[in-house]
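Peer 1: I would like to see how this sequence folds:
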Amino acid sequence: MASTAKDGSGRFGDMRDYMAKTLFQPHRARDAIWDAHQGKIPTLLRYYAGLASVPITRWLAPMGFDYVWIDWEHSAMNIETMTTMVNEAVFLSNGRTIPWVRVPGHDHATMAYALDAGASIVVPQVDKVEQAKEARGAVKFGRKNGGHRSAPSFRYVPGLTDVPLDKDHPLWEIFNRQLGFMIQIDAVWLGTIDARVSMGLPGGHGIVGTESEWLEAVELFHKTMRKHDKPYSGFCLAKGDAFLKKKSYMSMCIVAGDTLKLSEMMGHLAERRAEIAQTQNDSK
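Peer 2: Numbers count the residues shown, from 1 in each chain. Sure, this is the predicted structure:
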């Protein structure tokens, strides 16, 4: 569920402490990530939205997860559906849930659509510095800042939803400070399936790699993260001590998911069929 500030300094003790002046503007997601990374607040807990479903988003929003990962990369949906899921997540949670969208690729337009909807974004398949620079330019406002994103002039109502959190700085400058750029890449996710497939190793859900080359690659990844003091994010579906150990070096972790829970129905079906079969055998 939602996080609570350790020092009690937060007004709410959850992601509402990182809201802007209005829910029409994105949260201060960068500050939340780094506060978690530095131990000022607990690890951020999120759920994975693998299905393009507005009703599921509405149903889960009041639960108060710290954030939701909307997987636009792997779930076919139109721009309106993505935008609605983003808005439902933040508004129906009353600001307790920060919406994140994993965009389908490096296309500037899709990044802008997700950002304009009010979400933070996850850019997949970033393998080179040049790709990170391109993503940086796509999310920033103003050539002076190295960006080429157009300001969504009609998203905000003048004097109503465009009021900046910091009155001493323009709205777009504040947004630029919250948007990632090279020395402020805010969190890194190791895509284990893609990485293993690229290395010619078996890839799939639930595979725990034990190959020497894989273990060396993972260690290099974590060593690099520690060297540059970067927050790490990933799945953390374990329970008890295993969960506490794994989340101890994560600033953000996925602890639940729509597809994960729905897949449990296969087990329920198998169990009920087995019980019926057992009853029929006993009656013979």
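Peer 1: The nearest residue to residue 191 once chain neighbours are set aside sits in which helix or strand?
Peer 2: Nearest residue to residue 191 in three dimensions, chain neighbours excluded: residue 124, at 7.1 Å (Cβ to Cβ, 6 or more residues apart in numbering). The way it works is simple: take the backbone N, C-alpha and C, and place the C-beta from them, glycine included. Residue 124 belongs to no helix or strand when elements are defined using DSSP states H and E.
Peer 1: May I have the phi/psi pair for residue 124?
Peer 2: Dihedral pair for residue 124: phi -80, psi 170, per degrees, to the nearest 10.
Peer 1: Outline the domain layout of this structure.
Peer 2: Residue ranges for the domains of the chain, per automatic domain parsing: 15-187+231-259, 190-229.
Peer 1: hang on, the earlier thing: and the residue nearest to residue 191, how many neighbours?
Peer 2: 17 (other Cβ atoms under 10 Å).
Peer 1: Just list the residues touching it, thanks.
Peer 2: With contact set as Cβ atoms under 8 Å, 6 or more residues apart in numbering, residue 124 has these partners: 73, 102-105, 191.
Peer 1: what about 7 Å?
Peer 2: Listed by Cβ atoms under 7 Å, 6 or more residues apart in numbering, the contact set of residue 124 reads 73, 102, 105.
Peer 1: Does the first one touch residue 107 like I think?
Peer 2: No - applying Cβ atoms under 7 Å, one finds residue 73 not in contact with residue 107, separated by 11.3 Å.
Peer 1: pLDDT score assigned to the residue nearest to residue 191?
Peer 2: With respect to pLDDT, residue 124 scores 83.
Peer 1: do the one 4 residues further on as well
Peer 2: According to the model's per-residue confidence, residue 128 sits at a pLDDT of 79.
Peer 1: how far away is it from residue 106?
Peer 2: According to Cβ to Cβ, to the nearest Å, residue 128 stands 11 Å off from residue 106.
Peer 1: More neighbours: the two, which one.
Peer 2: Taking neighbours as other Cβ under 10 Å, residue 128 and residue 106 compare with residue 106 leading, 15 against 8.
Peer 1: now the strands for the stretch 51-200 of the chain?
Peer 2: Secondary structure of the stretch 51-200 of the chain (DSSP state E, counting those that start in this stretch): strands at 67-71, 98-102, 120-122, 188-189.
Peer 1: Would you mind putting the ones you listed into CSV with mean neighbour count and distance to residue 264 alongside?
Peer 2: Compiled in CSV, the strands of the stretch 51-200 of the chain are given as follows (neighbours: other Cβ atoms under 10 Å; distance: least, Cβ to Cβ, whole Å):
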stretch, mean neighbour count, distance to residue 264
strand 67-71, 25, 19
strand 98-102, 25, 23
strand 120-122, 23, 25
strand 188-189, 16, 24
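Peer 1: Which one of these lies nearest to residue 271?
Peer 2: The closest of the strands of the stretch 51-200 of the chain to residue 271 is strand 67-71. By Cβ to Cβ, the value is 28.8 Å.
Peer 1: which outside residues touch the closest one?
Peer 2: 15, 44, 46-50, 82, 85-86, 89, 97-102, 254.
Peer 1: same question, stretch 230-237
Peer 2: With contacts defined as Cβ under 7 Å, 6+ apart, stretch 230-237 is touched by 33-34, 37, 185-190, 225, 243, 246-247, 249-255.
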